[in-house]
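[1] For reference, the sequence and a predicted model appear below.
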Amino acid sequence: MSEISATASVSDWEPQRLVWHPIAAISDPDGKALRDAVRKRQPIIVTDLAADWPALERWTPESLSSLYGDHRVPVYDASFAEPGSGYMSSKGSMRLAEFLERTLSEGQDLRMFLYNLSQKIPAMLDDIRIPDVGLRFSRRFVFSFFGCRGSVTPLHFDIDMTDVLHTVIKGRRRIRLFSPNSSQALYQHPFTVRSYVNLSQPDLDEFPALGYAEAYECVLEPGQSLYMPSGWWHEFYYLDAGVGVSLRAPSPLWMDRLKGLRNLLIGNGVDRLANYSAPRRWFAWKTRRAAKIAARIHLKSNGRPLCAEHD
């Protein structure tokens, strides 16, 4: 199919409304249903898989500050993915006790993510149980996430294409998920795993393909676990100041593992180099290219959503 310009086709669209579908939430203490979800490559919420985790009781701000407060941690803010010298970089570091005070108590817009507990504070792993659900989870890859109320982890999929089991320890968070088949409709920036569409106030005039995406939404409560297969897009919004833990495992699909390797070795390198050389021009090119690719959806679908209907 020949390429078309985004502006030439958008005027012919009648954009679809973005529809949010629920994610099944089940009691599954033995992990049987989760194993089935892994096999089917479908997200699922397990309400009690982490019911015996000591972290649910022990990880209070006071306890963490008392036990581990002197550890220095990297911190990030909302400018993490903006073009320029700070692209994909932390805003510096501070003592964990200070970070907890600023974010969980004072509400400052700072967050920690992908903080590897096994490398940084291995004692915290004693408060977590690794479930046996048919995935190769490892104590070497247990990551913590901290955020203040109202902070957002922007829409992306994980660059290494791993399967993720995310458990909320403290605070509720709204999570929005999209199927990997929705990448074009989400205006994925080439050479990245990011989308810059505003899901809270979707502009279907600017992003008319967005309504074709296969969209899911849930609110994850403390103690609940969300399974996300490799390649699934996700946005996290902290309804409360909170703490979460992600267990990561290689995808059962070799094709996904190869994609993850390509993302790390090629896509990430190209993106960082181009951003360093000409950040504004590079970002503008990625935006135009994403719009051009998304414009093809209308031709492929004949005006109908590409994803299957859901109950």
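    Great, that's in hand.
[2] hang on, H189 in a helix?
    No: per DSSP: H, G, I helix; E, B strand; the rest coil, H189 lies outside any helix segment and is coil.
[3] pLDDT weak spots in this protein?
    1-16, 81, 83-89, 298-311 (pLDDT under 70).
[4] quick one: the strands in it?
    20-21, 25-26, 44-46, 72-75, 92-95, 111-116, 142-147, 152-156, 163-170, 173-178, 215-220, 225-228, 233-238, 242-249 (DSSP state E).
[5] which of the residues in the fifth one are buried?
    For strand 92-95, burial by neighbour count (16 or more other C-beta atoms under 10 Å) applies to M94. Every C-beta, even on glycine, is put in place using the N, C-alpha and C of the backbone.
[6] Switch the strands of the chain over to a markdown table; also include distance to P190.
    Putting these into a markdown table (distance: least, C-beta to C-beta, whole Å) gives the following:
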| stretch | distance to P190 |
| --- | --- |
| strand 20-21 | 27 |
| strand 25-26 | 35 |
| strand 44-46 | 31 |
| strand 72-75 | 27 |
| strand 92-95 | 30 |
| strand 111-116 | 23 |
| strand 142-147 | 27 |
| strand 152-156 | 14 |
| strand 163-170 | 24 |
| strand 173-178 | 17 |
| strand 215-220 | 22 |
| strand 225-228 | 23 |
| strand 233-238 | 15 |
| strand 242-249 | 25 |
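[7] now for the ones you listed, which one comes closest to K286?
    strand 152-156 (13.7 Å; C-beta to C-beta).
[8] rewinding a little: wait, which of the strands of the chain is closest to P208?
    strand 215-220 (15.0 Å).
[9] ok, so what distance separates Q108 from R149?
    10 Å (C-beta to C-beta, to the nearest Å).
[10] OK, contacts around R172?
    By C-beta atoms under 8 Å, 6 or more residues apart in numbering, the contact list for R172 reads V219, L220, E221, P222, L239, D240, G242.
[11] do W20 as well
    R176, A215, Y216, E217.
[12] Need those residues in JSON lines (columns: distance to W254 and neighbour count).
    Below are those laid out as JSON lines (distance: C-beta to C-beta, whole Å; neighbours: other C-beta atoms under 10 Å):
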{"residue": "R176", "distance to W254": "28", "neighbour count": "17"}
{"residue": "A215", "distance to W254": "28", "neighbour count": "23"}
{"residue": "Y216", "distance to W254": "26", "neighbour count": "22"}
{"residue": "E217", "distance to W254": "31", "neighbour count": "15"}
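[13] for these, which one is nearest P43?
    For those, the nearest to P43 is Y216 (6.7 Å; C-beta to C-beta).
[14] Specify the beta-bridge partners of the closest residue to the closest one other than its chain neighbours.
    Distance criterion C-beta to C-beta, 6 or more residues apart in numbering; nearest residue to Y216, sequence neighbours excluded, is L177 at 4.3 Å. Bridge pairing for L177 (DSSP bridges) gives the partners Y216, H234.
[15] measure L177 to H156 for me?
    Distance, L177 to H156, by C-beta to C-beta: 12 Å.
[16] Common neighbours of those two, please.
    Contacts common to L177 and H156, judged by C-beta under 8 Å, 6+ apart, are W233, H234.
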